[in-house]
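Enquirer: Could you look at this predicted model? Sequence included:
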Amino acid sequence: MHPNDRAWRLSAAAILLSTAMVPAAAADKPCTGADKAFDGVTSWAALHHAVQDYGHCDKGKTAEIVTEALLRVVIGGWPKISDAGPILEKDAAFRSWLGRRLSSPDILPEDSREIRDLAKSTCPKGQEKVCAEILSSIEMSRALSAPDLMLLPPPTTPAPAKKP
C-alpha cells in the first residue's frame with residue numbers, strides 16, 4: 001500500500017485513533033475496591049500491588065487511606081525496608097509514585113520527621129540507596145511545606161567601623 005492510497009490513510013487513522021484511546025481507557029479504570037485494597041496493605045509487596053491496581057484512585061477520601069497504608073508500611077514496617085529495594089529498582093513508576101507521595105503535604109509533619117529520622121539514623125546496611133530516596137522525598141516535602149526552614153541563616157551584622 002502507498003501512503004496516498006485511501007485504504008492506507010484509513011488504516012493509519014484507525015491505528016492512531018486506537019492508540020490515542022489507550023491513555024483515556026487507563027484513566028477510566030474503576031476505583032471500586034481501591035479503599036479495601038489499600039486498607040489491607042501491610043507490606044511493600046502489597047503496597048506495590050495496590051498502587052499498580054489502584055494508583056490512579058489516589059485522590060479524595062481514598063487519598064487518606066493511601067496515606068495511612070504508606071505510613072503503615074514505611075514507619076510501622078521499617079525493619080523490612082530491605083523489601084522495598086528490589087521493587088524500587090525494577091519499577092520506575094512505583095518509585096516515582098512513592099517519591100510524589102512522600103513529598104506530598106498529606107504526610108503530617110510529625111510523620112515526616114519520624115520517616116526522616118528512620119532513614120537517617122536506622123538505615124539497615126545495604127539499604128543506603130533506598131533510605132536516600134526516601135530521605136530525599138521527605139526533605140522535598142519539608143521544603144514545600146515550610147520553605148522558610150530551608151533558607152540560609154540571616155547574615156551577621158558587620159562590626160561597627162573604627163573611628164579615625
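Expert: Sure, I can see it. Numbering: from 1, shown residues only.
Enquirer: I figured Ile75 hits Glu110, correct?
Expert: No. Here Ile75 does not reach Glu110: they are 10.5 Å apart, not a contact under Cβ atoms under 8 Å. (C-beta placed from N, C-alpha, C; glycine too.)
Enquirer: Remind me which helix or strand Met140 belongs to.
Expert: helix 128-145 (DSSP states H and E).
Enquirer: Over to Gly126?
Expert: Counting by DSSP H and E, Gly126 is part of no helix or strand.
Enquirer: for Cys123, same thing?
Expert: Using DSSP H and E, Cys123 maps to neither a helix nor a strand.
Enquirer: Enumerate every residue touching it.
Expert: 81, 130-131 (Cβ atoms under 8 Å, 6 or more residues apart in numbering).
Enquirer: okay, the residues you listed in CSV with neighbour count, pLDDT and distance to Ser137 next?
Expert: CSV is the format used below for the contacts of Cys123 (neighbours: other Cβ atoms under 10 Å; pLDDT from 0 to 100; distance: Cβ to Cβ, whole Å):
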residue, neighbour count, pLDDT, distance to Ser137
Ile81, 20, 94, 14
Val130, 24, 95, 11
Cys131, 19, 95, 11
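Enquirer: wait, which of the residues you listed is closest to Arg116?
Expert: Using Cβ to Cβ, Cys131 is the member of the contacts of Cys123 that sits closest to Arg116, with 10.2 Å.
Enquirer: Ile75 and Glu110: which is more packed in?
Expert: Ile75 (12 against 8; other Cβ atoms under 10 Å).
Enquirer: For the more buried one, which non-adjacent residue is spatially closest?
Expert: Using Cβ to Cβ, 6 or more residues apart in numbering and skipping the chain neighbours, the partner closest in space to Ile75 is Glu114 (5.7 Å).
Enquirer: Report how many residues lie close to Asp39.
Expert: With other Cβ under 10 Å as criterion, Asp39 counts 14.
Enquirer: ok, now how distant is it from Arg116?
Expert: Distance of Asp39 to Arg116, computed by Cβ to Cβ, to the nearest Å: 26 Å.
Enquirer: Same check on Gly33?
Expert: With Cβ to Cβ as the criterion, Gly33 and Arg116 are 33 Å apart.
Enquirer: Without its sequence neighbours, what residue ends up closest to Asp91?
Expert: His48 (6.9 Å).
Enquirer: Where does pLDDT dip in this protein?
Expert: 1-28, 141-164 (pLDDT under 70).
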